[in-house]
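Asks: build me a model:
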Amino acid sequence: VQFVESGGGLVQAGGSLRLSCVGSGFTFDDYGIAWFRQAPGKRRERVSCIRGRIDYADSVKGRFTISIDNAKNTVYLQMNNLKPEDTAVYYCAAAYLVCPTAFRNWGQGTQVTVSS
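Replies: Next comes the predicted model:
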């Protein structure tokens, strides 16, 4: 199970970005797929997960939307009304049948920087 994340960048507060994550080595239908992020000096945290139902961290509810295209093995994270505290490296992860809480094969991630 591997991912390649993309779509990050520098954006002003209030702006939007759409992250993409292409997975390989597994069948999307059988896995929970999640976006995590890690800010400097902080622990990696799960932002959102899709496995039948969709979950969001309280800090991003109403601003971020996760979606999935099984045909393209791609998961997206639409991020609106970005805040400086959203600055982090964003990663994808997967777990068989459930939402992942950890992952062995972290990719390089994609950097999101939100300026105030």
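Asks: use CA for all of it now, contacts and neighbours both
Replies: Will do.
Asks: Gly107 against Ser6, yeah?
Replies: No. With contact defined as Cα atoms under 8 Å, Gly107 does not reach Ser6; the gap is 10.5 Å.
Asks: the more surrounded of the two?
Replies: Between Gly107 and Ser6, Ser6 has the larger neighbour count (other Cα atoms under 10 Å), namely 19 against 16.
Asks: tell me the bridge partners for that one.
Replies: With DSSP bridges applied, Ser6 shows beta-bridge pairing to Ser20.
Asks: residues contacting it?
Replies: When contacts are counted by Cα atoms under 8 Å, 6 or more residues apart in numbering, Ser6 is found next to 19-21, 109-110.
Asks: check Gly25 too.
Replies: Under the criterion of Cα under 8 Å, 6+ apart, the contact list for Gly25 reads 1-2.
Asks: quick check: Trp106 touching Cys92?
Replies: Yes. The pair Trp106 and Cys92 qualifies as a contact (Cα under 8 Å) at a distance of 7.3 Å.
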